[in-house]
Each structure stands twice: as C-alpha cells, then as structure tokens.
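> coordinates only, sequence not included:
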C-alpha cells in the first residue's frame, strides 16, 4: 500500500508545483494591479490624478507601495486601451464564428471522404498548425499587399486582413476539434434516423448537431481566445488598426503602469467567468441528455418528421 501511495504523492506534489509555476505570474499581476504609486512620487505631485501620471513618475512598480483601486478607473477611462480591446473583441468574435462554421462543414465533409482523397486536405490542415506563425504572417503581408495592387477592391491592411489571416489557423483548429468529436460518436443514431424516414438536413439538425454541440462550443471558445490574444499576425497585417496585444506590447516597451495590470486583471476575470458559464452549460446538457435520453431524443425527433 505504501509503495502505491508514494508515487501518487510524488506526482501530486509535482503537479501542484507545475501549476504554481504557471499561475504564479498571473497572481502577481493581479496583486500589483492594486499597487499604489510610491510616496515619493505622490509627494512631488500633490493632488494629481493617477491617470495623468506617466510611467517614469509612478516610481518602482515592482515594490508594494500600498493598496489602491484607482488604477481600475484609470484603465476604464483610457482612450488607448478600451478602443484596442473593442477592436480585438470584434475581430475575435467574427473569427470564432466564421472559423467554427467552416470547421464544422470541413469536419463533416472530411470525415466521410475516402482516405486517399482526404490526405491532401489533412496535409494542408496540419501545415497551418505547424508552420511558424512569423512565417505565416510574412507570407500574409506579402499576399495582401500584392492582392491590393492587382485587385483594386481588395481591402486595405486593417481589421479585415487581420480577420482573414487569423481564419487560417482558427479554421484548422476548429475542424480538428469538431472532427474528433464527430468520428468518436459513431453513426448509429444517424443511420437509425435515416431508417425512420428522416432526411439528411433534419437528421443533422435534430441528431448530429446536438451531439456535436460540446465540441462546437469548445472550438468557438478556443478560436476566440487564440484570436483575441494573437500578436504576430495582427502586427504584420494591421495597417493602422490597433489591437489589444499590439497596444499592450507598445505600452510595455515605454514603461509599464499598474493600469495595464488592472485592465489585464479585469479581462482575466471576464474570461474565467465566461469559461465557467460555458462549463456549467455543457455539464447541465450532459446530465440532461445521458446516453439513453440522447438516443430516445434522436430517434423520437426522427420519427416525428
């Protein structure tokens, strides 16, 4: 018994250390979002608003100077951070919707193809995932510039080109996630639905799509996260459009302020809240639709057509 417990304790301790190593920087960021400017800097600037302090006037932000929540108000009133976050959110949402839709269609098509016909498409999908992003970004920049020269109506560098560039990776990612779920769940219920007289569209809407929904939601969330946090592709294809990673990188280059930590803390909290809501929704759907209920629901829907 002791021989079994010792390896378990060792691996548990190792896992805890790994998680601490991964999440400790996030915890430090959250703590220092409440860090006040140094007393020396405030004494020389009596009564000044925090939003007017430049990085060099705040003092040493790596030392704890006191507790304050003023940086959150500064971040929310920023004319630099908020527009960039809105741009990133719009692009990420559009990329997630389009990539999930295209990935769903590609997953359904490729799963039914013969292996000889599917192989070239699989190679293209995996290439988009393994090719270094910097190489992809340079290629996209050259392509978009040349396309604008030869096709006058092609969009200029901006939000549209950022979206097009991110769709390459996001679509492949969504396709792999949804395809794995589609292949793993089998085709027994679909064949039963066809035997009961259902048409392909009705079978997809009432049998296939509900069973694929957890994978679709997961693909959407991952595509949104990757697109929102992407820096390399937008940095090459943005033109004059600023996204949150670009603005954040520019701000850090010239000196970081606790306002950046405050904004990142709020975004982290929102992301955690969205993920928790998605997990609860998916868990409730799995509890309500167990194996027996899922089968009865799929067959009942097909028989009602």
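In hand now; what should we look at? Note that the coordinates shown come from a computational prediction; the quantities given were computed from them, not determined experimentally.

> And residue 139, its phi and psi?
When quoted as degrees, to the nearest 10, the phi and psi of residue 139 stand at phi -60, psi -40.

> quick one: it and residue 183, what's the gap?
Counting by CB to CB, to the nearest Å, the separation of residue 139 from residue 183 is 31 Å. C-beta here means a position set from N, CA and C on the backbone, and glycine is covered the same way.

> Mind telling me what element residue 17 is part of?
helix 2-32 (DSSP states H and E).

> and that helix, average pLDDT?
Here helix 2-32 scores 83 as its mean pLDDT.

> can you pull the buried residues of it?
Residues of helix 2-32 classed as buried: 29, 32 (neighbour count, 16 or more other CB atoms under 10 Å).

> looking just at contacts, which helices and strands does that helix meet?
Helix 2-32 is packed against helix 258-288, with contacts defined by 3 or more CB pairs under 8 Å, 6 or more residues apart in numbering; DSSP states H and E.

> what angle do the helix it packs on and helix 2-32 make?
Orientation check (axes from the mean of the first three to the mean of the last three CA atoms, to 10 degrees): helix 258-288 against helix 2-32 gives 130 degrees.

> residues contacting the most centrally placed residue in the chain?
When CA atoms, centre = their mean is applied to the chain, the residue found nearest the centroid is residue 225 (1.0 Å). Counting by CB atoms under 8 Å, 6 or more residues apart in numbering, residue 225 makes contact with 92, 271.

> host element of it?
helix 209-229.

> And that helix, how far out from the chain middle?
9 Å (CA atoms, centre = their mean, to the nearest Å).

> Now it: buried residues?
So, applying 16+ other CB under 10 Å, buried residues of helix 209-229: 210-212, 214-228.

> Can you pull the poorly scored residue ranges out of the chain?
Counting by pLDDT under 70, the chain shows low-confidence ranges at 1-5, 38-61, 194-195, 254-255, 278, 281-305.

> quick one, domains of it?
2-76, 81-303 (automatic domain parsing).

> So which of the ones you listed has the densest surroundings on average?
Most buried of the domains of the chain, by mean neighbour count (mean count of other CB atoms under 10 Å): domain 81-303, with a mean of 17.

> Look up how far residue 75 lies from the residue nearest to residue 235 when sequence neighbours are not counted.
With sequence-adjacent residues excluded and distances taken as CB to CB, 6 or more residues apart in numbering, residue 235 is closest to residue 246, at 6.0 Å. Taking CB to CB as the measure, residue 246 falls 17 Å from residue 75.

> Equivalent analysis for residue 174, please.
For residue 174, the distance to residue 75 (CB to CB) stands at 32 Å.

> Could you do residue 211 as well?
Going from residue 211 to residue 75 by CB to CB gives 42 Å.

> cool, and residue 93?
21 Å.

> Same question for residue 186.
49 Å.

> Check residue 175 too.
37 Å.

> quick revisit: tilt between the helix holding residue 225 and helix 258-288?
Using the same axes, to 10 degrees: helix 209-229 against helix 258-288 is 170 degrees.

> For residue 67, give me the backbone phi and psi.
phi -100, psi 140.
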